[in-house]
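Peer 1: Give me coordinates for this.
(chains A and B)
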Amino acid sequence: MRKLLRLLVALCVCMLMSCSTEEDRHLVFIGDSIIARWDLEESFPSYVVENKGISGSGIETIANYANKYNGKDIVVMVGTNDLYDFDDSTMIEYAKSYLAQIVETNAKTIYLYSILPRSFEGDSLSINQRIERLNSMIQSEAENYGNVVYIDAYSYFIADGDINPQYSYDGLHLTPYGYEVLSKLLNSKLR
Amino acid sequence: MKKILVLILFVSINAVGFAQWSIGLRDNRYGNVAYELNNKLEFKLEHSLFSEKLQFQYVRANVGYKQTIKKVSIMGTIYGGTIYNGDFYNVGLNVTAEYKPIDRFKIEAAINPHYDSGYDYSTCYQGGVWFNAYKALSIVASVSNIPEYRKAEDRAYLGLSFEVGPLCVSPRVSIPIEDSSVKSMRVLTSVQYKF
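Peer 2: So this is what the prediction gives:
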């Protein structure tokens, strides 16, 4: 009988521990179609994941999430749909407001992916050079915020000036192999 | 002309006599239908099963010829594939040699000149062993850089093969060899059913 009681106590302790672990392992993904199309449960089987990605969204959509993620961990990938909304002279302003709006979500930790290279229909030839410049501005802005973990995915996706064809079907949206790289990069930061 | 027609008819009748159809799945993502003549000539059509729009699906045609001399069999396969919207295509020749010194053990090597319109030319390879462990169960191990999708990556494979009657199921683990922070292990399953 005593053994049985001990076993029950041990089980209860294990259950309590697993509950707290689950709380820690909750991730909310916000962003554009790249997030929206991601099979998160397959990529992060040991996390409780929420996919809040919206196709076509840009940083303005993120502005709607101000103070919405208090104390939570979020993963963000956004910006590729905004690239034609500003020019080189206003890029730095965009980078500053980009970071400010993401930080306003009030999340505990923000895992922020760089903007990926692209070669989508109608894209200008210099699009990836612009993305590279914007990413470096966003990265240096991110250093001002202690809760932002910047993840450089761009340099893993670029190949000969374009998005690596292994990772994208159409120059913008990702293949399972592209998502494999994103998962791996995020996992290396989560551990 | 009459002679050619007679020849075609003769080949067709013979072909029907020794023909075999099979359907299957390769590496989780490519369904296939194959037609084999006299255990030598094979026509295979593969189609992707991506959870994507039709324009991003991939189709590949393979024609192979196999010749067996004693314990060695050699198979040459030419193939060509394209994505539906024409954004990329790939073509290649795969020559596989198998040496089976004893019934339960086989060594396999392949050379695969491969061209992908996005990645250009690469010489791919495969080398491995097959060991029949118990009745229908075999163990398979190999190294290869033959693309699972489009890119040639050095990978090691370790898997099992269950062959029961006309059905063969081969699950395997694909492990990246190159040191990279973004390469992942994959679990791949292939299935083939012969009619």
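
Peer 1: ok, now which ones touch residue B:29?
Peer 2: By CB atoms under 8 Å, 6 or more residues apart in numbering or on different chains, the contact set of residue B:29 is B:48-50, B:149. Placement of C-beta: from N, CA and C, glycine included.

Peer 1: Let's verify residue A:112: helix, strand, or coil?
Peer 2: strand (DSSP: H, G, I helix; E, B strand; the rest coil).

Peer 1: wait, doesn't it sit right on residue A:148?
Peer 2: Yes: contact criterion CB atoms under 8 Å: residue A:112 and residue A:148 qualify, at 5.5 Å.

Peer 1: Across the sheet, point out what pairs with the residue positioned nearest the centre of chain B.
Peer 2: Nearest to the geometric centre of chain B sits residue B:26, at 7.7 Å (CA atoms, centre = their mean). Under DSSP bridges, the beta-bridge partners of residue B:26 are residue B:30.

Peer 1: Repeat that for residue B:96.
Peer 2: On the basis of DSSP bridges, residue B:96 is bridged to residue B:75, residue B:110.

Peer 1: Contacts only, for it.
Peer 2: B:74-77, B:108-110, B:126.

Peer 1: Now residue 38: closest residue in space, sequence neighbours ignored.
Peer 2: By default, I'm working from chain A. Counting by CB to CB, 6 or more residues apart in numbering or on different chains, residue A:179 is the residue found nearest to residue A:38 once chain neighbours are left out, at 5.7 Å.

Peer 1: switch to chain B, that's the one I care about
Peer 2: That would be residue B:18: by CB to CB, 6+ apart, it lies 4.4 Å from residue B:38.

Peer 1: try residue B:121
Peer 2: Per CB to CB, 6+ apart, closest to residue B:121 is residue B:115, 5.0 Å.

Peer 1: Lowest-confidence member of the contacts of residue B:29, which is it?
Peer 2: Lowest pLDDT of the contacts of residue B:29: residue B:50, 86.

Peer 1: gap between that residue and residue B:122?
Peer 2: Distance of residue B:50 to residue B:122, given as CB to CB, to the nearest Å: 23 Å.

Peer 1: Show me the helices in chain B, by range?
Peer 2: With DSSP state H as the criterion, chain B has helices at B:2-18.

Peer 1: ok, back up a step: residues contacting the residue nearest to the centre of chain B?
Peer 2: Per CB under 8 Å, 6+ apart, neighbours of residue B:26: B:32, B:46, B:190.

Peer 1: again with residue A:57
Peer 2: By CB under 8 Å, 6+ apart, the neighbours of residue A:57 are A:31-33, A:78, A:81.

Peer 1: In three-state terms, how would it be classified?
Peer 2: Assignment for residue A:57 (three-state DSSP): coil.

Peer 1: secondary structure class for residue A:92?
Peer 2: Quick answer, by three-state DSSP: residue A:92 is helix.

Peer 1: Do I have it right that it meets residue A:137?
Peer 2: Yes: between residue A:92 and residue A:137 there is a contact at 5.8 Å, judged by CB under 8 Å.

Peer 1: can you give me the strands for the chain?
Peer 2: Chain wasn't specified; assuming chain A. Applying DSSP state E to chain A gives strands spanning A:26-31, A:48-53, A:73-77, A:109-113, A:148-151, A:158-159, A:162-163.

Peer 1: right idea, wrong chain: chain B
Peer 2: According to DSSP E, the strands that chain B contains are B:19-26, B:30-37, B:41-48, B:58-69, B:72-83, B:89-102, B:105-116, B:120-134, B:137-144, B:155-164, B:167-176, B:186-194.

Peer 1: any chance of those in TSV, with distance to residue A:166 too?
Peer 2: Shown next, in TSV, are the strands of chain B (distance: least, CB to CB, whole Å):
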stretch	distance to residue A:166
strand B:19-26	18
strand B:30-37	16
strand B:41-48	14
strand B:58-69	13
strand B:72-83	13
strand B:89-102	12
strand B:105-116	9
strand B:120-134	12
strand B:137-144	16
strand B:155-164	13
strand B:167-176	13
strand B:186-194	13
